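In: Pasting the sequence and the predicted model now:
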Amino acid sequence: MKILLSASTLLILLCSSPLLHAQSTLASQLEQCRTEQNALKRLVCYDEINTRTAGSPAPQAAERARAVTNPPEDNFGKEHRQVAADPVDQLYATVSDISFSPRKELIITLDNGQIWRQNGSGQFPLQTGERIYIKRGLLGAFYLGKDGSNRTLKVVRSN
């Protein structure tokens, strides 16, 4: 009887050892996902763990993450550097800072973090806090303007 009890205890310990190891690695993977600051990357991390444990593939989690982390507005003005699937034709933003280059050209910082520099000559009355638009022109040109005004200024994105 004593031998049967110790043999069954040993068998249970041997069988549960891989389960404990799997649970500890799962716990460490979940902890790693939990510490991720970016919400989208955290969700993708959890999806990958779910895919590995459940066996059913998540529908292109990595592709969804790339599509959401780079919205089209972030690439506005940088299209010549990469190919965009759905380009934006016009962008509205608020001017957060205005400075001048050594050549007295405007350098405009927008509230979304984009920096645009005047490209060419001309003057354009602009103040911080104003709502402006930047629209796409021909041959890769971009023009800054304000609603209610027919004047525009040719600009190029700096960052």
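Out: All right, it came through fine.

In: how's the protein carved up into domains?
Out: 27-54, 90-158 (the TED database).

In: so which of those domains gets nearest residue 73?
Out: Closest to residue 73 of the domains of the chain is domain 90-158 (C-beta to C-beta; 6.3 Å). Yep, even glycine has a C-beta here, placed from its N, CA and C like the rest.

In: First-to-last residue distance for the closest one?
Out: Start-to-end span of domain 90-158 (C-alpha to C-alpha, to the nearest Å) is 17 Å.

In: Tell me the strands beside the strand ranked longest in the chain, with direction?
Out: Using DSSP state E to define each element, the chain has its longest strand at strand 90-100. The pairing partners recorded for strand 90-100 under DSSP bridges are strand 106-110 (antiparallel), strand 131-136 (antiparallel).

In: For it, give me every contacting residue.
Out: The contact list for strand 90-100 (C-beta atoms under 8 Å, 6 or more residues apart in numbering) reads 73, 76, 106-112, 114, 126-136.

In: repeat that for 7 Å
Out: 73, 76, 106-112, 126, 128-135 (C-beta atoms under 7 Å, 6 or more residues apart in numbering).

In: Quick one: mean pLDDT for that strand?
Out: For strand 90-100, mean pLDDT rounds to 95.

In: start the count at 39, not 1, going forward
Out: Yep, numbering from 39; the last one is strand 128-138 now.

In: Give me the buried positions along that strand.
Out: 129, 131, 133 (16 or more other C-beta atoms under 10 Å).

In: can you pull out the helices in the chain?
Out: Here the chain has its helices, by DSSP state H, at 40-72, 77-92, 99-107.

In: Lowest average confidence across the ones you listed, which one?
Out: Note on the helices of the chain: lowest mean pLDDT is at helix 99-107, with a mean of 59.
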